[in-house]
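quick one: sequence and predicted model below, then my questions.
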Amino acid sequence: MNVEAIRLDRVTLARAKRIVLNEVSLAIHPGEFIGVFGPNGAGKTTLLHAILGLLRPAAGRIEVFGVPPLRGNRLAGYLPQHRASVAEACLRGWDFVACAVDGDRWGLPLWTRARRREVDRVLALVQGERLAARPLCELSGGEVQRLLLAQALLGNPKLLLLDEPFLSLDPHFQQATVDLVKRIQKDQGITVLFTAHELNPLLEAMDRVLYLGQGRAALGTIAEVITSEVLSRLYGTPIDVLQVDHRLLVVSGHGVVDADAHRHDA
Amino acid sequence: MPIVTMLEYEFMRTALLAGSLVAVVAGAVGFFLVLRHLAFAGHALSHVGFAGATGAMLVGASPLWGLLAFTLVAALAMGLLGARLRGRDVAVGVILSLALGVGVLFLSLYTANANQATAILFGNVLGVEMHTVWALLALSVVSLSALAFISRPLLFATLAPELAEARGVSLRRVAMLFLVIVAIAVAEAAQVVGVLLVFALMVAPAATALRLTARVGLGVTLAVLLALAATWAGLALAYRTDWPTTFCIVAVSCSAYFLSLLRRPGHWPAARAEPTGE
């Protein structure tokens, strides 16, 4: 059998002595598009950090394409959670993307022809050529997000880890973002882990769902994971799943869990 | 008297030389200082340097080396505290006050030359001697080489810290090295405009440059050119008017910044011409 893109073998992850994931085992195949969900604090970002090698597991073994994750691994592209401070710098979009090309090496940031071509290539991949000449402080949240995606694609990663790309995005741009990532995933044949709070924009793009909660994880198809039984276990509280107009609503005793319920564009 | 005659005086030539060396370093380092939102840290370092300079005088050493020693130690301390310093303006402010207070104490103990205090606080570039120029040259070479060496990860860590960390850049190491470079630049700038006004040479030209261009390379170049222009124009103005040199340099540098404010931020004609889409 081929080597898995990501394999977790009885992995326990802890943040500040608090156990976030407890003895989780799973395997993600190369080329899969995985949506990663779960309540706040369920460990979505923590899991991405562990896959990037930024956080060592307290127990168990993680393998990324057959080897333990190493910080600076060029096989993994990473889109960190969007922070407003990014857009404070009034530098060009092109310069912003370019700072990440070989940014981990010492020396002057001399942009040789090969490096320029690489910046132009990833800008074209995210259809961001228009953003190259504009200063960051002038861009919308969605446009900054596209530049962050371009940075993540530098160096042809085989794995793309996207942390909450929906934050600060309008519903219309959420769908556009998913479509963009899906197209890149198919064209480049890369594995995608896409964390989000909202299920519905990702329904068609996802191959499988990874749902985290209460230290546990459930990985499977939408039909297998987004069920009352599985989610009740992960939330630790009774959960119902309703299907309305091809959309899924996750409802707890306190109301709709999935913020997506406010969308009216069925 | 015609401007060209100013070059006939040796002290003027020395001042131009010293001022130019300092301007190049202050402009280049200042660009990254402003980009990293560390302008206040630069200000703090210079105040700590005041105690070092007066302390050095007290023990009969050169104020420049005393200043440098204190700014370096303060930079390392800031680097070690790192993120814990964020939002601790009050703590930094209290340490600043203490440093300035200690500086005043040293001054009162050192009664030999009262003019020295003014020179440290407000600069006296016309009084710079040739041996100081050599020291400034050495410090400039060291700080600019170091800045060139770390500039790529520095830019990466400044603009995209989370991604930089994931790619294996040590944010703390980069921050620490940069603060050491800032400490050297502050000590140099204080020789021209004094510890109280290093802002004028380090922050104002860089902030002006960042309002005029959105390109990194052009931004650094502009910051250096603006700092050089402020120093030269300031010296010329002081020669013509007999006003204090520091005032003239600060006036030119800050005027350039105010002028740049007239340009609406985010107004980029080249980008406007393109369709906005959506």
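Okay, I see it. None of the values given here were measured: they were computed from a predicted structure.

so what's residue B:185 up against?
Residues near residue B:185 by CB atoms under 8 Å, 6 or more residues apart in numbering or on different chains: B:25, B:26, B:29, B:30, B:42, B:143, B:202. C-beta here means a position set from N, CA and C on the backbone, and glycine is covered the same way.

residue B:250 against residue B:194, yeah?
No - look at residue B:250 against residue B:194 with CB atoms under 8 Å: they stay out of range, at 9.6 Å.

for the stretch 51-200 of chain B, just list every one of the helices.
B:63-81, B:89-109, B:115-122, B:130-159, B:161-166, B:171-193, B:198-202 (DSSP state H, counting those that start in this stretch).

list the buried residues in the third one.
It stands for helix B:115-122. B:116, B:117, B:119, B:120, B:121, B:122 (16 or more other CB atoms under 10 Å in any protein chain shown).

just checking, what packs against the helix or strand containing residue B:48?
Following DSSP states H and E, one finds residue B:48 within helix B:39-58. Helices and strands touching helix B:39-58, by 3 or more CB pairs under 8 Å, 6 or more residues apart in numbering or on different chains; DSSP states H and E, are helix B:10-35, helix B:63-81, helix B:89-109, helix B:115-122, helix B:171-193, helix B:198-202.

write out the residues of chain B neighbouring chain A.
Listed as neighbours of chain A in chain B under the rule CB under 8 Å from any CB of the partner chain: B:35, B:37, B:148-153, B:155-160, B:162-169, B:210-211, B:214-216, B:219, B:265-266, B:268, B:270-271, B:274, B:277.

report the buried members of these.
B:35, B:150-153, B:155-160, B:162-169, B:210-211, B:214-216, B:219, B:268, B:271.

how many residues are close by residue A:10?
Residue A:10: 12 surrounding residues under other CB atoms under 10 Å in any protein chain shown.

could you export stretch B:185-193 as PDB, CA atoms only?
Output of stretch B:185-193 as PDB, limited to C-alpha atoms (Å, rounded to 0.1, in the frame of the first residue of the first chain):
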ATOM      1  CA  ALA B 185      22.200  52.200  15.500                       C
ATOM      2  CA  VAL B 186      20.700  54.000  18.500                       C
ATOM      3  CA  ALA B 187      24.200  54.600  20.000                       C
ATOM      4  CA  GLU B 188      25.400  55.900  16.600                       C
ATOM      5  CA  ALA B 189      22.400  58.200  16.000                       C
ATOM      6  CA  ALA B 190      22.800  59.600  19.500                       C
ATOM      7  CA  GLN B 191      26.200  61.000  18.400                       C
ATOM      8  CA  VAL B 192      24.500  63.200  15.900                       C
ATOM      9  CA  VAL B 193      21.100  64.200  17.300                       C
END
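
can you give me the helices in the stretch 101-250 of chain A?
A:113-125, A:141-152, A:171-188, A:222-225, A:228-235.

and the gap between residue A:51 and chain B?
10 Å (CB to the nearest CB, to the nearest Å).

and the pLDDT at that residue?
Looking at residue A:51, its pLDDT is 96.

ok, it touching residue A:63?
No - judged on CB under 8 Å, residue A:51 makes no contact with residue A:63 at a distance of 9.8 Å.

mutual contacts of the two, please.
A:6, A:69.

more crowded one of these two?
Neighbours around residue A:51 and residue A:63, counted as other CB under 10 Å, are more numerous at residue A:51. The numbers are 24 against 17.

just to revisit the earlier point, which of the residues in the helix holding residue B:48 are buried?
Here helix B:39-58 shows B:39, B:41-57 as buried, counting by 16+ other CB under 10 Å.

and if you look at stretch A:15-27?
Buried residues in stretch A:15-27 (16+ other CB under 10 Å): A:20, A:21, A:22, A:24, A:26.

could the residues you listed go into CSV alongside secondary structure and pLDDT?
Shown next, in CSV, are the buried residues of stretch A:15-27 (DSSP: H, G, I helix; E, B strand; the rest coil; pLDDT from 0 to 100):
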residue, secondary structure, pLDDT
A:20, strand, 94
A:21, strand, 94
A:22, strand, 94
A:24, strand, 95
A:26, strand, 95
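
from the residues you listed, which is closest to residue B:103?
Set against residue B:103, the nearest of those by CB to CB is residue A:20 (49.3 Å).

list the contacts for the closest one?
Residue A:20 touches A:13, A:14, A:41, A:42, A:43, A:46, A:215, counting by CB under 8 Å, 6+ apart.

give me the distance between the nearest residue to residue B:239 once chain neighbours are set aside and residue B:170.
Leaving aside its chain neighbours, residue B:239 sits nearest to residue B:6 (4.4 Å; criterion: CB to CB, 6 or more residues apart in numbering or on different chains). Residue B:6 is 48 Å from residue B:170, where distance means CB to CB, to the nearest Å.

I'd like to know how many residues surround residue 127.
Defaulting to chain A. A count of neighbours around residue A:127, defined by other CB under 10 Å, yields 14.

that was the other one, I meant chain B.
Neighbours around residue B:127, by other CB under 10 Å: 15.

that one reaches residue B:118, doesn't it?
No - with contact taken as CB under 8 Å, residue B:127 and residue B:118 are classed as non-touching, separated by 10.5 Å.

spell out for me which residue occupies the centre of chain B.
residue B:202 (3.3 Å; CA atoms, centre = their mean).

OK, contacts around that residue?
B:26, B:27, B:29, B:30, B:33, B:39, B:42, B:185, B:186, B:189.
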